[in-house]
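A.B. asks: Next come a sequence and a model predicted from it.
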2 protein chains.
Amino acid sequence: MNKLLVIAFGGNALLRGDQAGTIHEQEKNIYDTCNKVVNLIKKGYDVVIGHGNGPQVGTVLMQHEAGMRLYGLPKQPIDFCVAETQGSIGYMIEQQLQNVLSEHGIEKNIVTLVTQVLVDKNDEAFKNPTKPVGPFYSKEESDKLNKDNGWIFKEDPRDRGWRRVVPSPKPSDIPSWHAVEKLARDGNIVITVGGGGIPAYIESDGKFSGIDAVIDKDLASSLLASKIKADEFIILTDVPNVCINFNTPEEKKLKEIKLSEAKKYLEEGHFAEGSMAPKIKACIQFVENSKNKAEITDASQIGKNKKGTIIF
Amino acid sequence: MNKLLVIAFGGNALLRGDQAGTIHEQEKNIYDTCNKVVNLIKKGYDVVIGHGNGPQVGTVLMQHEAGMRLYGLPKQPIDFCVAETQGSIGYMIEQQLQNVLSEHGIEKNIVTLVTQVLVDKNDEAFKNPTKPVGPFYSKEESDKLNKDNGWIFKEDPRDRGWRRVVPSPKPSDIPSWHAVEKLARDGNIVITVGGGGIPAYIESDGKFSGIDAVIDKDLASSLLASKIKADEFIILTDVPNVCINFNTPEEKKLKEIKLSEAKKYLEEGHFAEGSMAPKIKACIQFVENSKNKAEITDASQIGKNKKGTIIF
């Protein structure tokens, strides 16, 4: 049986901070990333791709706001908006990867799934929303939205106004993981858990329902990797290696570290919340569950002998 | 082997003309439709669901326009917007169908695919765009957009302004039909070809590329039904039966008609372009390819002894 790999695309793999976000910019970034990932496909891995949606879902939320103001169109909740980005980003990754495979003479089907990820409604995160999403509002607007919809707002530290914050609960289950595993084992490349998955929960009567939340894409990809018993888990980010003592004279690149070291550095606060910390947590979770290794690196390292930061 | 069914959701199955389009309205309509379709699942059919996106992609195009005007966000092309609606509508159908299945004690996985549908770049439709999409513009705005982007505009017959028209080419292939067939035959309910599929074509160098077009969802669902050798093809619409001499004293409901009759009525101009005509064409195409029967009806007829219009 081939080795099964889950690889999570984020940051520069999709959209750089200095870009406006046109489809052509995103396609070019994705093409470049796929052109590296193809090295792993050539090596015979069965591949499942997860991906982020930070800038893209922010754009969708602002478009919904603008559509309401200009045309009176209804604003939709976050689960709906995440679903929209799974469609658009999934499409772009599928098409660019198709083109890369074709250039390399590789015949493989790609299957892109719209994927719900379940959270626990009693997750502590719902008591303390922390993740900023959507446009900036004035104090008056945010007070009104709080009154009308119960949305929670925090003032922007850079004085750009007030911004909605939503909970970022832990992913608890991925109902379609069986289908993902089967598709990947049948030889398809699978694109799934986009943006951490469409946030949903199971109500007391057993029904599925969407919920206003944002799930970390690295934690969701890690959970999927554990569920489908992946042999490797890779998180693509903007740097080739994770560092400790980052931005100090003692800064040190991490190459291969044991699980216990990773946990120690995490506890010591070496990794920024909302940035490197969730990636380290996602890797720790996978290595604990699977006893296999996880890697954090940038796409340019893929398939080279030089390695990123490996946790084992 | 179970009978394999392709069923296309459109019109009231998703969103009624008198509704604003909130997620709750759409979920309710979809739930009601799924509550009828479940009768076919109980009968043991393997089921593939296609769906439209007319009002939804119109909303997305207007949100992109508003996002550009209010926040300077880039407007994306139609293929991207269709992909967004595959995510959101696919998600709503999957979740509502999950809930219906659970109420009926049926254990079945649902797999929702982001799906490209190929068109021929030399299709005559590209010479004569006919499908209105997106917001209304003033004459000056439409002239500028024509100059800047090459977009074609037509004046609205109801004096609401100028509106972009795009080509509606015939679907020529669905690259993922093998995966759809396998998933359905493995017992999954598959949701696919949303909005007629993300319009794409193959360039001379073999690369896939998106294109500004809208593919008819009934023709795309019909093509899929032929490719996967479906035993039945059903198009859900807003009326229980197709009529000839519609809205005249000679109006007559069609029950069971032969392929030759369907072709004759189509030629005689009984069916409105952009409405019933493409549904009849989609059925004719399927019956010709498969020798199996096709049906046009509304969801309330599903699973009853009373039938819609059957073409055989």
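C.D. replies: Sure thing, it's come through.
A.B. asks: any idea how far chain B is from A:D143?
C.D. replies: According to Cβ to the nearest Cβ, to the nearest Å, A:D143 and chain B sit 21 Å apart. Every residue, glycine included, has its C-beta placed from N, CA and C.
A.B. asks: Run through the residues of the stretch 151-300 of chain A sitting next to chain B.
C.D. replies: Within reach of chain B by Cβ under 8 Å from any Cβ of the partner chain, the stretch 151-300 of chain A has these residues: A:175-176, A:178-179, A:182-183, A:186, A:188, A:191, A:198, A:200, A:206-210.
A.B. asks: any low-confidence regions in the stretch 1-150 of chain A?
C.D. replies: For the stretch 1-150 of chain A, no stretch has pLDDT under 70.
A.B. asks: switch the cut-off to 80
C.D. replies: Where the stretch 1-150 of chain A drops to pLDDT under 80, the residues are A:11.
A.B. asks: all helices for chain A, in order.
C.D. replies: Counting by DSSP state H, the segments of chain A that form helices are A:23-42, A:54-71, A:78-103, A:139-149, A:177-185, A:217-227, A:259-267, A:276-290.
A.B. asks: so which of those gets nearest A:L118?
C.D. replies: Nearest to A:L118 among the helices of chain A is helix A:217-227 (9.9 Å), distances taken as Cβ to Cβ.
A.B. asks: Reformat the helices of chain A as a markdown table; add mean neighbour count and distance to B:N245.
C.D. replies: Formatted as a markdown table, the helices of chain A follow (neighbours: other Cβ atoms under 10 Å in any protein chain shown; distance: least, Cβ to Cβ, whole Å):
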| stretch | mean neighbour count | distance to B:N245 |
| --- | --- | --- |
| helix A:23-42 | 19 | 47 |
| helix A:54-71 | 21 | 39 |
| helix A:78-103 | 26 | 41 |
| helix A:139-149 | 13 | 51 |
| helix A:177-185 | 20 | 48 |
| helix A:217-227 | 27 | 56 |
| helix A:259-267 | 15 | 74 |
| helix A:276-290 | 21 | 64 |
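A.B. asks: I'd like those written out as JSON lines, with distance to A:K127 added.
C.D. replies: Below are the helices of chain A laid out as JSON lines (distance: least, Cβ to Cβ, whole Å):
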{"stretch": "helix A:23-42", "distance to A:K127": "35"}
{"stretch": "helix A:54-71", "distance to A:K127": "22"}
{"stretch": "helix A:78-103", "distance to A:K127": "18"}
{"stretch": "helix A:139-149", "distance to A:K127": "16"}
{"stretch": "helix A:177-185", "distance to A:K127": "28"}
{"stretch": "helix A:217-227", "distance to A:K127": "19"}
{"stretch": "helix A:259-267", "distance to A:K127": "23"}
{"stretch": "helix A:276-290", "distance to A:K127": "19"}
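A.B. asks: Just give me the closest of the residues of the stretch 151-300 of chain A next to chain B to B:I89.
C.D. replies: The shortest approach to B:I89 among these belongs to A:I198, at 12.5 Å (Cβ to Cβ).
A.B. asks: didn't that closest one look like it was pressed against A:L118?
C.D. replies: No. Between A:I198 and A:L118 there is no contact, the gap being 9.8 Å when judged by Cβ atoms under 8 Å.
A.B. asks: Most proximal residue of chain A with respect to chain B?
C.D. replies: Nearest to chain B, among the residues of chain A, is A:G87, at 2.7 Å (Cβ to the nearest Cβ).
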